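*Asks:* The following block contains a protein sequence and its predicted model.
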2 protein chains.
Amino acid sequence: MTFKVPEDIVLCLNEAGGKAFLERIWNRKAAYSCVIGNTETAKIPGVSAAGANPDATDFTPAADMELLYFGRCKCIDGVPITPDGIPTPGIITMSALKLAPMPVFIVNGGVRVRPHTPYVEVDGTAGDDIRTGKAVKGAEKAYDRAVVAGKQLARTVDYLVVGESIPGGTTTALGVLTAMGYNANGKVASTFPVNPHDLKAKVVAEGLKACGCSPGMLKNDAMAAVQAVGDPMMAPAAGLIAGAAESIPVLMAGGTQMAAVLAIIKSMDDTVMDNLALGTTRWITEDKASDLRDLVRQIGNVPVLSAKLNFSLSRYDGLKIFETGLVKEGVGAGGSTIAAIASSGGKVTCRSMLDEIEKNYARLVSRR
Amino acid sequence: MTFKVPEDIVLCLNEAGGKAFLERIWNRKAAYSCVIGNTETAKIPGVSAAGANPDATDFTPAADMELLYFGRCKCIDGVPITPDGIPTPGIITMSALKLAPMPVFIVNGGVRVRPHTPYVEVDGTAGDDIRTGKAVKGAEKAYDRAVVAGKQLARTVDYLVVGESIPGGTTTALGVLTAMGYNANGKVASTFPVNPHDLKAKVVAEGLKACGCSPGMLKNDAMAAVQAVGDPMMAPAAGLIAGAAESIPVLMAGGTQMAAVLAIIKSMDDTVMDNLALGTTRWITEDKASDLRDLVRQIGNVPVLSAKLNFSLSRYDGLKIFETGLVKEGVGAGGSTIAAIASSGGKVTCRSMLDEIEKNYARLVSRR
């Protein structure tokens, strides 16, 4: 019987590869891994909406991870929200993991606030403001350790899903992509309804100037690019994915931040590219203010899959508002939805996801 | 066909349960996990031989873990040795993992020297000398976090093997067993050829006095016993095992230290006891100066399995000497051997183990 792509998943780039990837993971056993980090870049006013205010972004990754393990946050009351009160996309990931249970492994790329959970340590530290031009320390060590961790995980499951949670991460993605010579200006996404492209470009330009780099100058040195204008999620995410993808398919769960990680992987170990796909939400792939497809196209022939999550008919305004382009992606929301659909052989759908998300939203947010 | 226990594994206690346990894990997929820690107790002169000198014991757990991942140590030259130059039993574990590859997950219970590897963090800290009566901080938190980690691992494999590496651990085992009311005097093992039972008893008595406890007073409070006179490996090992054993069999890989962990598990969650077995070496189960069987018998009806490793015909004196009762166990040497035999459906034997161990020994030790 020919494999049919479920209607809740859209093939957005390299459609044949995307279909083949989906077929490989269909009905197979997955683990979900999330790489977390903090960067001071998130505290530049106007850069990140992944927290009620810039200082609150320190708590967002830890709180997201607690949500995945315990169904509630421990290091903060409630859940992470944007300044407008929109809840973390972690609620989507958590719902996907409830409908299609997968073991969860957190990797600490470098956070300021540690989650009240077990997590894998790769000796990373929290990142500095990229305007310093010295944003990350020890990127290669974190990459190498994460490779080892990825190899271990690859021995336990059929495929791996890797998400991220790091506020400010699209600005650092622009930084690394630019330093590596990709044309990323105006193409990275944003949690904000209006994407502050000019601010991001200015921040990146300052960072590159501070380290004496011009765009493209670090084309062949991904680790130097990360250390100059990247964030502490990137190297361990790239390592984890590369280590696992030596032997199993890996779904990179994220939007334009994962494009930067993909560029790093290509530079560090391009032999694994055939085992990769990007999985995200339609809020990213339909976003007019960013261009994930073009970014991935510049890097390599890697499929992009998009989960057709649609909250327009939700009974909760706080979920409906996702349709206006707020938040869009994070904590591997889109990829975990795709993995839930695939692992369950199509039993999980975007419709059943919305039911589960509404249930969790009601419990966690609307009744506060 | 009736399942036949291979001749390289001896059923030492609860033989029917041991046979049933072996049958459950036969030809199944395992993960190997090792919980590491340091305690200042190891630096009391005469307590531990798990290092060339007392201060060197700080490096032993980290070096053992590097051996498992990379086949060589990074934080020290060579491998951990006893004051007499006998190599770490980690060489046995490493050989078992080479013959029957299993994913390796390290849990940091609380070390002074961190391994150059990825590891799971459960927010533990290195332990103090138990003579203070305040040996460990935050035992319950580490236990709880490790339970979460154990549950995740249990979703990825058919069974889990849990070893330990913590110098001084038999003295802290005596401490916790005594505090919990077990009769353990003269029954815990030792890395030394002559077991310093009197010294251990004196150290434990001092610790109990310092915290105002009498033997048995903490019968119903395992976490208090660990915090008073235990070590930082114990609570996370117990949690990891209990969390995994909710759903899969767990082979507790170790000697009398694992008896203390078993006592803790029984006190924290006795519903998982049916999913447990202890796996160790014949150097432990044939040891006249300790009594693992009696300790386990006091705790519960848990099977004890012993790997018939025999180095008497080795061409290397440094391995032959294991037969004189030096070292005996550690890093889950016996349990990982049993798991290698079981996972391979009997293809791995104690004979093929010796060949592999000699190969690694030659590379790591004799040519230095």
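*Replies:* Structure's in. What do you need?
*Asks:* tell me how far the helix or strand where A:L354 lies is from the chain's mean position?
*Replies:* Assessed by DSSP states H and E, A:L354 sits inside helix A:350-361. Put simply, helix A:350-361 sits 21 Å off its chain's centre (Cα atoms, centre = their mean, to the nearest Å).
*Asks:* what does it contact?
*Replies:* A:8, A:71, A:87, A:91-92, A:94-96, A:98-99, A:307-311, A:313-316, A:318-319, A:337, A:340-341 (Cβ atoms under 8 Å, 6 or more residues apart in numbering or on different chains). Backbone N, C-alpha and C define where each C-beta goes, glycine included.
*Asks:* In helices, which of those appear?
*Replies:* Under the assignment DSSP state H, those contribute A:91-92, A:94-96, A:98-99, A:318-319, A:337, A:340-341 to helices.
*Asks:* of the residues you listed, closest to chain B?
*Replies:* Closest approach to chain B among the ones in helices among the contacts of helix A:350-361 (Cβ to the nearest Cβ): A:K98, at 13.8 Å.
*Asks:* how many other residues sit next to the nearest residue to the closest one once chain neighbours are set aside?
*Replies:* Closest residue to A:K98 apart from its sequence neighbours, by Cβ to Cβ, 6 or more residues apart in numbering or on different chains: A:E356 at 5.9 Å. For A:E356, the neighbour count with other Cβ atoms under 10 Å in any protein chain shown is 19.
*Asks:* State the distance from A:E356 to chain B.
*Replies:* Between A:E356 and chain B the distance is 19 Å, computed by Cβ to the nearest Cβ, to the nearest Å.
*Asks:* Just confirm A:T82 contacts A:L326, I think it does.
*Replies:* Yes. A:T82 is in contact with A:L326 according to Cβ atoms under 8 Å; the separation is 6.4 Å.
*Asks:* gap between A:K266 and chain B?
*Replies:* When Cβ to the nearest Cβ is the yardstick, A:K266 and chain B sit 23 Å from each other.
*Asks:* Tell me the residues on the stretch 151-300 of chain A that lie near chain B, please.
*Replies:* By Cβ under 8 Å from any Cβ of the partner chain, the residues of the stretch 151-300 of chain A that approach chain B are A:152-153, A:155-157.
*Asks:* Between those, which sits nearest A:Q257?
*Replies:* Using Cβ to Cβ, A:L153 comes nearest to A:Q257 of those, at 20.5 Å.
*Asks:* Going by secondary structure, the closest one is in what exactly?
*Replies:* Judged by DSSP H and E, A:L153 forms part of helix A:139-154.
*Asks:* what about that helix, average pLDDT?
*Replies:* Mean per-residue pLDDT for helix A:139-154: 98.
*Asks:* Check the offset of that helix from the chain's centre.
*Replies:* Using Cα atoms, centre = their mean, the offset of helix A:139-154 from its chain centre is 18 Å.
*Asks:* try stretch A:112-119
*Replies:* The mean C-alpha position of stretch A:112-119 is separated from the chain mean by 18 Å, Cα atoms, centre = their mean.
*Asks:* Can you tell me what sits against that stretch?
*Replies:* A:36, A:38, A:58-59, A:61-63, A:65-66, A:69-70, A:74-75, A:106-108, A:126, B:107, B:120-123, B:145-146, B:148-149, B:152.
*Asks:* Now do the same for that stretch: mean pLDDT, whole number.
*Replies:* 98.
*Asks:* Please tell me how far the residue nearest to A:K98 sits from A:A340.
*Replies:* Here the distance between A:E356 and A:A340 works out to 9 Å (Cβ to Cβ, to the nearest Å).
*Asks:* Quickly list what's touching both of the two.
*Replies:* Common neighbours of A:E356 and A:A340, counting by Cβ under 8 Å, 6+ apart, are A:L99.
*Asks:* before we move on, back to that, using neighbour counts, pick out the buried residues of the helix holding A:L354.
*Replies:* Buried residues in helix A:350-361, defined by neighbour count with 16 or more other Cβ atoms under 10 Å in any protein chain shown: A:350, A:352-354, A:356-358, A:360-361.
*Asks:* just stretch A:303-314 next, same as before
*Replies:* Here stretch A:303-314 shows A:303-311, A:314 as buried, counting by 16+ other Cβ under 10 Å.
*Asks:* Can you show me the CA trace of it as CSV?
*Replies:* C-alpha atoms of stretch A:303-314 as CSV (Å, rounded to 0.1, in the frame of the first residue of the first chain):
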residue,chain,number,x,y,z
PRO,A,303,12.4,18.7,3.8
VAL,A,304,10.2,21.1,5.8
LEU,A,305,7.0,19.7,7.3
SER,A,306,4.3,21.9,8.8
ALA,A,307,1.6,20.9,11.2
LYS,A,308,-1.8,22.3,10.2
LEU,A,309,-2.7,23.4,13.7
ASN,A,310,-5.6,25.8,13.5
PHE,A,311,-7.0,27.6,16.6
SER,A,312,-9.4,29.9,14.8
LEU,A,313,-12.4,27.9,16.0
SER,A,314,-11.1,27.6,19.6
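*Asks:* Determine how far it lies from the middle of the whole chain.
*Replies:* Worked out by Cα atoms, centre = their mean, stretch A:303-314 lies 16 Å from the chain centre.
*Asks:* Give me the mean pLDDT for that stretch.
*Replies:* Rounded mean pLDDT across stretch A:303-314 is 97.
*Asks:* how about the helices in the stretch 1-150 of chain A?
*Replies:* Along the stretch 1-150 of chain A, the segments classed as helices by DSSP state H, counting those that start in this stretch run A:15-25, A:60-70, A:90-99, A:139-154.
*Asks:* could the ones you listed be laid out in JSON lines, adding mean neighbour count?
*Replies:* Below are the helices of the stretch 1-150 of chain A laid out as JSON lines (neighbours: other Cβ atoms under 10 Å in any protein chain shown):
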{"stretch": "helix A:15-25", "mean neighbour count": "18"}
{"stretch": "helix A:60-70", "mean neighbour count": "26"}
{"stretch": "helix A:90-99", "mean neighbour count": "26"}
{"stretch": "helix A:139-154", "mean neighbour count": "24"}
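*Asks:* For A:Q227, grab the count of nearby residues.
*Replies:* 25.
*Asks:* in what helix or strand does it lie?
*Replies:* Here A:Q227 is assigned to helix A:222-229, by DSSP H and E.
*Asks:* what angle separates that helix from helix A:139-154?
*Replies:* 120 degrees (axes from the mean of the first three to the mean of the last three Cα atoms, to 10 degrees).
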